[in-house]
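Asker: sequence and predicted structure, then a few things I'm wondering about:
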Amino acid sequence: MTDSDFVTSTRVFYDTVAEDYAERFRDVLTASPVDRAMLDAFAELVGRGGAVADLGCGPGRVTAYLDSLGLSVFGLDLSASMLAIARREQPGLRFEQGSMLELDMADSSLAGVMSWYSSIHTPVDELPRLFAEFLRVLAPGGHLLIAFQVGDEPKRHDKPFGHDVILDFLRRQPETVVELLEGAGFTLVSRTVREPDPSELTRQAFLIARKPL
């Protein structure tokens with residue numbers, strides 16, 4: 001696993017805040033019908049039983065939702081503390097520790113890749129490498145769903161929940177991400193941007209892309 005500065009800082013941040021973070025966002029998917037609709041669409045495109053990696057799975061709640069839709073899904077995350085929560089709360093699912101930038105998976109081994117707000121700590125100059133790795137592990141015709149906050153300036157979280165850690169949450173413009181995905185070899189399938197709900201500060205973007213046949 002590449003242990004660059006942003007990877008290390010991301011791991012330390014989530015190891016520190018894991019329990020508070022998991023509790024704070026416990027019901028966020030239940031309260032977001034548009035977000036669930038995007039996951040439903042992704043699952044239908046992948047197809048029932050399709051092998052999917054939920055990369056940056058955190059406490060595993062999106063992993064569990066994809067499992068409920070009939071996908072053969074497992075979660076991967078940098079943070080051992082997040083994975084401990086995921087394994088505790090979803091004991092029937094598989095969770096592994098690792099980096100999205102260096103996936104221990106064979107070429108063309110997946111029908112779907114999920115990056116649900118997990119690329120938001122990756123600097124923009126590292127995104128081509130990240131998207132190339134997503135493309136590598138997808139089978140031809142496989143689908144990627146990537147979600148992120150829309151914007152131009154990062155949101156710095158300094159001492160969240162009273163913990164002495166700091167991390168930038170990077171916002172993107174959908175057009176920038178689409179260009180990078182297409183540059184990596186993906187074909188765009190869907191671009192959705194929704195307005196922020198009362199608990200959010202920015203619009204939210206959901207891109208579905210496909211690896212060409």
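Answerer: Great, that's in hand. Numbering: from 1, shown residues only.

Asker: per-residue confidence at the residue nearest to residue 78 when sequence neighbours are not counted?
Answerer: Closest residue to residue 78 apart from its sequence neighbours, by C-beta to C-beta, 6 or more residues apart in numbering: residue 11 at 4.3 Å. (Glycine included, C-beta is placed from N, CA and C.) On pLDDT, residue 11 comes in at 92.

Asker: secondary structure element holding residue 11?
Answerer: Using DSSP states H and E, residue 11 sits within helix 5-24.

Asker: ok, then the element right after that helix?
Answerer: helix 33-46.

Asker: give me the residues contacting that next one.
Answerer: 29, 52, 62, 65-66, 69-71, 111-112, 114, 142-143, 145, 147, 189-190, 192, 194, 204, 206, 208, 210 (C-beta atoms under 8 Å, 6 or more residues apart in numbering).

Asker: if you set the cut-off to 7 Å instead, what comes out?
Answerer: When contacts are defined by C-beta atoms under 7 Å, 6 or more residues apart in numbering, helix 33-46 is touched by residues 29, 52, 65-66, 69-71, 111-112, 143, 145, 192, 194, 206, 208.

Asker: how about low-confidence regions in this structure?
Answerer: Along the chain, the model assigns pLDDT under 70 to residues 1-3.

Asker: in stretch 115-124, which residues are buried?
Answerer: Residues of stretch 115-124 classed as buried by neighbour count (16 or more other C-beta atoms under 10 Å): 115-122.

Asker: among those residues, which lie within strands?
Answerer: Of the positions in these, 115-116 sit in strands, assigned by DSSP state E.

Asker: next up, phi/psi of residue 80, please.
Answerer: phi -60, psi -30 (degrees, to the nearest 10).

Asker: just give the number of residues close to residue 32.
Answerer: 17 (other C-beta atoms under 10 Å).

Asker: and the gap between it and residue 174?
Answerer: 18 Å (C-beta to C-beta, to the nearest Å).

Asker: who are the packing partners of the lengthiest strand in the chain?
Answerer: Counting residues, the longest strand in the chain under DSSP E turns out to be strand 138-149. Applying 3 or more C-beta pairs under 7 Å, 6 or more residues apart in numbering; DSSP states H and E, we find strand 138-149 packed against helix 33-46, strand 110-116, strand 204-210.

Asker: out of those, deepest packed?
Answerer: Here the criterion is mean neighbour count by mean count of other C-beta atoms under 10 Å, and of the helices and strands packed on strand 138-149 the winner is strand 110-116, at a mean of 25.

Asker: which strands or helices does that strand pack on?
Answerer: Contact partners of strand 110-116 among helices and strands, from 3+ C-beta pairs under 7 Å, 6+ apart: helix 33-46, strand 51-55, helix 61-68, helix 127-137, strand 138-149.

Asker: what's the most buried one of the ones you listed?
Answerer: It is strand 51-55: most buried of the helices and strands packed on strand 110-116 by mean count of other C-beta under 10 Å, with a mean of 25.

Asker: that one pairs with which strands, parallel or anti?
Answerer: Taking DSSP bridges as the criterion, strand 51-55 forms sheet pairs with strand 72-77 (parallel), strand 110-116 (parallel).
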